[in-house]
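Chemist: the following comprises the amino acid sequence and a computationally predicted model.
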Amino acid sequence: MDENNESAGTYGEIVRCWAEEREILGIVQPYTAQKAEQKASLFFPWLEDKRLEEIEVAAIRSALIELRQHGGRFGKGLSSATLRAAHLAGKQAFDWAIERGYAVQNPFDSVERPKAHYRQARFLTLGQATMLSSMLVSEMKKAMDCGDVRLASFALAACIALATGMRRGEIFALEWSCCNFKTQRINVSRAVKGDGSIGSPKSMAGIRSVAVGNRLVCLMQEMRTWRESAISLESSAENRLVICNELGHRANMNLFEHWWRTWADENGWESIRFHDLRHTHATLLISGGTDVKTVQMRLGHSSAETTMSCYAHAIPLSDTNAAENIDSSLFG
C-alpha cells in the first residue's frame, strides 16, 4: 500500500497488513493474530477487493445477515459469537488503517456489533465433582497398570483441570520443572495453542502461580515416578512433560478431546465438556466462600469483573452456604 495516499488499499490488503504487523511486533501472540485475521476475512466475499473509501455501512450489514443465515462450511449459518468476533476484527483492522492514514472513517462504527449468545456454562456439584475425580483417579491407575502412558496422562489432565481450573492448553504445556511439590504450587507461564504451537497463556494475567492440594501433589508425584520406568529408554524424549504420549512427547490435544468425549459418554458424563471442569472448579470455590480476587488469580482472568461476569451464577450458592454457616454458629 502507498503510505502517502490517504485512500490507498483495499479491505483485503489492510486486514493482511494489520495482522502481520501485530504478529511481527509482538503486540499479540502469532496464533491470536492469525485467528483475528481469519475472523476479519469472513467479510472477504463482499469487501476484499473494495477500496476502503468505497465500503458502505449497508454492505457490512448485508454481509452479517448472510453470514448468520448461510455462513460456515455447511451453509447452516455462523453463531452470534463468531459474528461478534468478526465485527470486532473488521473494526480493529479499519481503525489500524485510519491511524496510518489509509482511511478517514470507519464504517464498522455505524454497524451495531452482534450480541453473542454463549452456551450456558455447565458445572458439577461438589458431590458430582468428587465422584468424577474418583473415577478419573481409578482410570489413571488402571492405565498405569496396563502400561498405557497416554491414557494415564489424559486422566491426570482431567484431575488437574478439576483441582486447579487451568485451561487445557496450559495443562498440556506443563513441565515437571514448573511443579514445585515442596511448596505445592504450579507455575503457569506457557500454553499450547489451537495450531499446536507453544506460546504465552491467553493473557498476561494467565502467567501465574497456582496452589495445589496434597492429594493432587501425591497423584502427580506417583505419575512422575511411574513414568520414569514406563517410557522406553530408547525414546529421545526426557521425562519432562506432565502430559505426554507413550514416547514422552507432547500429547495431541485433538486425540485428547476425542478420548474425553468418548470416556465421558461411556461413564455417565455425556453433556460435560472438558472446559466445564474449569467452570466447576471456579463455581465450587465461589460457592464455598473463596473471595473473587483469589478465584480470579487461580483462573488467570485479567480482571475480577471478568470472573464475576462468568460466575455470577455461583453467588446465590455462596449466599446460601453463608446463611447456613451463620445459622449454625448462632443457633447451634
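Modeler: Now that the structure is in, tell me what you want to look at.
Chemist: need the pLDDT of the nearest residue to residue 292 once chain neighbours are set aside.
Modeler: In space, and not counting its chain neighbours, residue 292 is closest to residue 304: 5.1 Å by Cβ to Cβ, 6 or more residues apart in numbering. The C-beta positions use only the backbone N, C-alpha and C, and glycine is treated the same way. Looking at residue 304, its pLDDT reads 79.
Chemist: touching, residue 304 and residue 293? I think so.
Modeler: Yes: contact criterion Cβ atoms under 8 Å: residue 304 and residue 293 qualify, at 5.8 Å.
Chemist: neighbour count winner among the two?
Modeler: Neighbours per residue (other Cβ atoms under 10 Å) separate residue 304 from residue 293, with residue 304 holding more: 15 against 10.
Chemist: next up, phi/psi of the more buried one, please.
Modeler: The phi/psi pair for residue 304 (degrees, to the nearest 10) reads phi -70, psi -30.
Chemist: distance of it from residue 164?
Modeler: Between residue 304 and residue 164 the distance, using Cβ to Cβ, to the nearest Å, works out to 19 Å.
Chemist: which residues does residue 63 contact?
Modeler: Neighbouring residues of residue 63 by Cβ atoms under 8 Å, 6 or more residues apart in numbering: 42, 43, 45, 46, 47.
Chemist: most neighbours among these, please name it.
Modeler: Counting neighbours by other Cβ under 10 Å, residue 43 comes out on top of the contacts of residue 63 with 25 neighbours.
Chemist: per-residue confidence at it?
Modeler: 98.
Chemist: so how far is residue 104 from it?
Modeler: Counting by Cβ to Cβ - residue 43 and residue 104 are separated by 19 Å.
Chemist: just checking, residue 154 touches residue 259?
Modeler: Yes: using Cβ under 8 Å, residue 154 is in contact with residue 259, at 5.2 Å.
Chemist: more neighbours: these two, which one.
Modeler: residue 154 (23 against 19).
Chemist: can you tell me the helix or strand for the more buried one?
Modeler: Secondary structure from DSSP states H and E places residue 154 in helix 149-164.
Chemist: can you give me the mean pLDDT across that helix?
Modeler: Confidence for helix 149-164, expressed as mean pLDDT, is 97.
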